[in-house]
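**Q** Take a look and give me a structure for this.
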Amino acid sequence: MIEATQCSNALLLQSPAVCVQVERTPWCDDFISPETNLLLPELIDANRHGFLTINSQPRVNAALSTEPMVGWGNPGGYIFQKVTRDC
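**A** Numbering: from 1, shown residues only. Next up, the predicted model:
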């Protein structure tokens with residue numbers, strides 16, 4: 001299985017003979033965030049169909065701010081976010 005490794009996106013550059021896993025992009029120095037794994041199959045599928053995915057976030061409904069996969073901010077808060085996939 002091929003996995004994305006960078007910046008909230010699953011970058012797979014594919015030709016008929018070659019599939020390349022991209023570990024760095026010019027527009028982001030951060031590594032992939034854990035929440036990207038919630039969308040990874042969809043992102044990889046989009047890349048395999050010729051779309052370059054550059055940004056994504058999963059749908060989150062009232063997750064605690066301390067939740068390891070999607071939480072951020074001060075303890076005691078809640079996370080709400082719409083799903084996005086930018087190509």
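**Q** Give the rounded mean pLDDT of stretch 53-62.
**A** The pLDDT scores in stretch 53-62 average 89.
**Q** Might you calculate how far it sits from the centre of the chain?
**A** Stretch 53-62 sits 7 Å away from the centroid of its parent chain (CA atoms, centre = their mean, to the nearest Å).
**Q** Repeat that for stretch 31-39.
**A** Distance of stretch 31-39 from the chain centroid (CA atoms, centre = their mean) equals 4 Å.
**Q** Then stretch 70-87?
**A** On CA atoms, centre = their mean, the centre of stretch 70-87 falls 13 Å from that of its chain.
**Q** So which residues of this protein form strands?
**A** 12-14, 19-21, 55-57, 60-64, 78-81, 84-86 (DSSP state E).
**Q** Tell me where the model's unsure across the protein.
**A** 1-25 (pLDDT under 70).
**Q** For the chain, which segments count as helices?
**A** For the chain, applying DSSP state H gives helices covering 40-48.
**Q** Adding mean neighbour count, write the strands of the chain out as JSON lines.
**A** To be clear about C-beta, it is placed using only N, CA and C from the backbone, and glycine gets the same treatment. Listed next are the strands of the chain as JSON lines, based on neighbours: other CB atoms under 10 Å:
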{"stretch": "strand 12-14", "mean neighbour count": "15"}
{"stretch": "strand 19-21", "mean neighbour count": "12"}
{"stretch": "strand 55-57", "mean neighbour count": "19"}
{"stretch": "strand 60-64", "mean neighbour count": "13"}
{"stretch": "strand 78-81", "mean neighbour count": "13"}
{"stretch": "strand 84-86", "mean neighbour count": "14"}
